[in-house]
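S.K.: Sequence and predicted structure, then a few things I'm wondering about:
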Amino acid sequence: MSDNLKRAAAERAASLVSDGMRLGLGTGSTAAHFVAAIGERVRGGLKVVGVPTSEATRAQAEREGIPLSTLDETPELDLTVDGADELDDELRLIKGGGGAHLREKIVASASRRMIVIADGSKRVAKLGRFPLPIEVAPFGLKVTEIAISKLFSSLDLSGDLRLRQSADGAPFITDGGHFILDAHLGRIEKPNVLASTLNYIPGVVEHGLFLGLATGAILATDQGLVELGQI
Ligand SMILES: O=C(CO)[C@H](O)[C@H](O)COP(=O)(O)O
């Protein structure tokens, strides 16, 4: 998707922001346009406070001059705007392509509204084409991997689990100091069952299925913006 379309979705989301709002600031290339748009408005006098979902977003928001807070200081947020790797018509998401889904999920769960901004091609009939990111503790990696594979078999899911690597070939390390296993599943028939059972596996820190968190979506397409849910 062109950067102009990402920016258009982000600017529409930024137009929903008003004085006094406590904002969750998402992570990724689309969310970065939202952070830039909010920065511009802050420099024009908008009064908001932001809670970043990653160290990268924190650094960008600081450069933009957006006043920042933490969830400990500000545990209730009015609106989170974030990107997604996949979404379906029930506003169920796969996130974590950028490896930030642990903080993204905590921030979204602290928000009254979560609006997804994304490229229209990320809208799917069934989740799972995008590999599901599963953040895991480095300790006992093999044991956790085996437990996840057994869970997949018991749910009739097949596909590889791949340890995410950085450009230098070393394991990718999240902001929380964990690894990510990307599950190449193809299709996820029952996201609710998979989401809840993954959470029971010791060693799984958080997965990228966001269910019941997004309240709306703004999708950028060549034909214009498409809005889903409550905006
Ligand atoms: O979940 C995420 C990061 O963990 C991102 O929001 C997701 O990967 C989408 O990124 P982009 O807007 O660059 O396509």
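M.R.: Okay, I see it.
S.K.: On the three-state scheme, Leu5 is what?
M.R.: Assigned with DSSP: H, G, I helix; E, B strand; the rest coil, Leu5 falls in the helix class.
S.K.: Please name the nearest non-neighbouring residue to it.
M.R.: Spatial nearest neighbour of Leu5, excluding adjacent residues (C-beta to C-beta, 6 or more residues apart in numbering): Ala220 at 3.7 Å. Placement of C-beta: from N, CA and C, glycine included.
S.K.: and the helix or strand where that neighbour lies, which residues are buried?
M.R.: If you go by DSSP states H and E, Ala220 is part of strand 216-221. By 16 or more other C-beta atoms under 10 Å, the buried positions in strand 216-221 come out as 216-220.
S.K.: isn't Met21 right up against Val81?
M.R.: No. Assessed by C-beta atoms under 8 Å, Met21 is found out of contact with Val81, at 10.6 Å.
S.K.: neighbour-wise, which of these two wins?
M.R.: Val81 (30 against 16; other C-beta atoms under 10 Å).
S.K.: pLDDT averaged over the host helix or strand of that one, what's the number?
M.R.: For Val81, the host element (DSSP H and E) is strand 77-82. Average pLDDT, strand 77-82: 99.
S.K.: Would you mind writing the CA trace of that strand as CSV?
M.R.: Provided in CSV are the C-alpha atoms of strand 77-82 (Å, rounded to 0.1, in the frame of the first residue of the first chain):
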residue,chain,number,x,y,z
LEU,A,77,-7.3,5.4,28.1
ASP,A,78,-9.9,7.0,25.8
LEU,A,79,-8.7,5.8,22.5
THR,A,80,-6.0,3.6,21.1
VAL,A,81,-5.1,3.8,17.4
ASP,A,82,-3.0,1.0,16.0
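S.K.: Contacts (any at all) between the ligand and that strand?
M.R.: Yes. Counting by C-beta under 6 Å from any ligand atom, contacts between strand 77-82 and the ligand involve Asp82.
S.K.: Please pull up the helix or strand immediately following that strand.
M.R.: In N-to-C order, the element after strand 77-82 by DSSP H and E is strand 86-87.
S.K.: centroid residue for the chain?
M.R.: By C-alpha atoms, centre = their mean, the chain has its centre lying nearest to Lys95, at 4.1 Å.
S.K.: quick one: contacts for that residue?
M.R.: Residues counted as contacts of Lys95 (C-beta atoms under 8 Å, 6 or more residues apart in numbering) are 82-85, 101, 104-105, 133, 208, 210.
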